[in-house]
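# My questions are about this predicted structure, shown below with the sequence.
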Amino acid sequence: MRKPLIAGNWKMNGSAELVETFGRAFAEIDLMSVDVAIHPPFPYLDAARQAFAATPLKLGAQTLNPLDSGARTGEVSGQMLAEFGVEYVLVGHSERRQLYHESDEQVYERVIAALGAGLKPILCVGETLEERDAGLSEDVVLRQVGYVMARLEPGQRQQMTIAYEPVWAIGTGRTATPEQAQQMMAAIRGYQAGFDRELADALRLLYGGSMNAGNAQELLAQQDIDGGLIGGASLKVDDFTAICQSAG
Ligand code: PGA
């Protein structure tokens, strides 16, 4: 049985006050059957660690630099994140790939750095609208998955989570249908089974892209969808708790 994971990606949003609000709300909520992580911007990590201490919330980060330390102005390393109680880290989010030109190779380097620091990477993959319209969705997604997963050791693969986020569904209000999402998840799991059947069965696959309190249940009911990576709706505590409850 795969335990669902609901991860809230705040992106460059939120505030110290929102951290406190989440800490208070989740202190009241029993979440035995679902893992929940919040990925706030870096400056809020320490406050979140404290505010979430008495809650089931786990801490996530949104990216990391491949190096442990050095002359990389503005960057943050996996070791630094681990020191602040971070457990999960997003790698290869489409905004990083598009706006900051992160290549598959750079995504791979970040995954290795995250694993080296003892963090659990959430590898984000997904096709653009042009790629979907050209019938290339599966090729693109499996290339992104394969570039990383095929080069990891079995023990490293066990630490991975994969988030399928069609780029055209992110922040657009346009969600993939449960069938579209399930089809891609089955393809990713099938690809992974080519390496290791047991691992493929255990691998958590998240859907991301305009997931909200209204559509979460239907998406999460799909056989191969084991959770969600939530952007906009993770900034509203009521919506986010509702999504967590529909996963539990
Ligand atoms: P969204 O973002 O839920 O606002 O579409 C998802 C994401 O980018 O992870």
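It's in. From a predicted model like this one, the values you see are computed outputs, not experimental measurements.
# wait, what's in contact with the one residue in the chain that gets nearest to the ligand?
Using C-beta to the nearest ligand atom, the closest approach of the chain to the ligand is made by Gly231 at 2.2 Å. For every residue, glycine as well, the C-beta is placed using N, CA and C. With contact set as C-beta atoms under 8 Å, 6 or more residues apart in numbering, Gly231 has these partners: 9, 11, 170-171, 208.
# Check Leu206 too.
5, 7, 122, 161-164, 225-229.
# How about the residues of the protein by the ligand?
9, 165, 170-171, 208-211, 229-233 (C-beta under 6 Å from any ligand atom).
# from those residues, which would you call buried?
Taking 16 or more other C-beta atoms under 10 Å as the criterion, what is buried in these is 9, 165, 170, 208-211, 229-233.
# thinking again about what came up before, will you turn the contacts of Gly231 into a markdown table that also has secondary structure and distance to Ser77?
Shown next, in a markdown table, are the contacts of Gly231 (DSSP: H, G, I helix; E, B strand; the rest coil; distance: C-beta to C-beta, whole Å):
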| residue | secondary structure | distance to Ser77 |
| --- | --- | --- |
| Asn9 | strand | 20 |
| Lys11 | coil | 20 |
| Ile170 | coil | 26 |
| Gly171 | coil | 28 |
| Gly208 | strand | 25 |
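# For the residues you listed, work out which two are farthest apart.
Lys11 and Gly208 (11.8 Å; C-beta to C-beta).
# Make TSV from the contacts of Leu206 and add distance to Glu75 and pLDDT to it.
What follows is the contacts of Leu206, written out as TSV (distance: C-beta to C-beta, whole Å; pLDDT from 0 to 100):
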residue	distance to Glu75	pLDDT
Leu5	26	98
Ala7	22	98
Ile122	19	99
Thr161	23	98
Ile162	24	98
Ala163	22	98
Tyr164	27	98
Ile225	33	98
Asp226	31	98
Gly227	28	98
Gly228	28	98
Leu229	22	98
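# Would you format those residues as JSON lines with secondary structure included?
Output for the contacts of Leu206, formatted as JSON lines (DSSP: H, G, I helix; E, B strand; the rest coil):
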{"residue": "Leu5", "secondary structure": "strand"}
{"residue": "Ala7", "secondary structure": "strand"}
{"residue": "Ile122", "secondary structure": "strand"}
{"residue": "Thr161", "secondary structure": "strand"}
{"residue": "Ile162", "secondary structure": "strand"}
{"residue": "Ala163", "secondary structure": "strand"}
{"residue": "Tyr164", "secondary structure": "strand"}
{"residue": "Ile225", "secondary structure": "coil"}
{"residue": "Asp226", "secondary structure": "coil"}
{"residue": "Gly227", "secondary structure": "strand"}
{"residue": "Gly228", "secondary structure": "strand"}
{"residue": "Leu229", "secondary structure": "strand"}
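# Buried ones only from those residues, please, as a ChimeraX command.
Of the contacts of Leu206, the buried ones go into a single ChimeraX selection, burial set by 16+ other C-beta under 10 Å:
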select :5,7,122,161,162,163,164,225,226,227,228,229
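# Quick check: the farthest pair among the contacts of Leu206?
Ile122 and Ile225 (14.3 Å).
# for this protein, longest helix please?
helix 178-193 (DSSP state H).
# And the next helix or strand along the chain from that helix, what's buried?
For helix 178-193, the following helix or strand on the C-terminal side (DSSP states H and E) is helix 197-202. For helix 197-202, a neighbour-count test (16+ other C-beta under 10 Å) marks Ala200 as buried.
# now swap in stretch 235-248 and tell me
235-236, 239-248.
# Tell me which stretches of the chain form helices.
16-27, 45-51, 78-83, 94-99, 104-116, 129-133, 137-149, 154-157, 178-193, 197-202, 216-220, 237-247.
# Report the mean confidence score over the shortest one.
If I follow you right, that is helix 154-157. Helix 154-157 comes out with an average pLDDT of 95.
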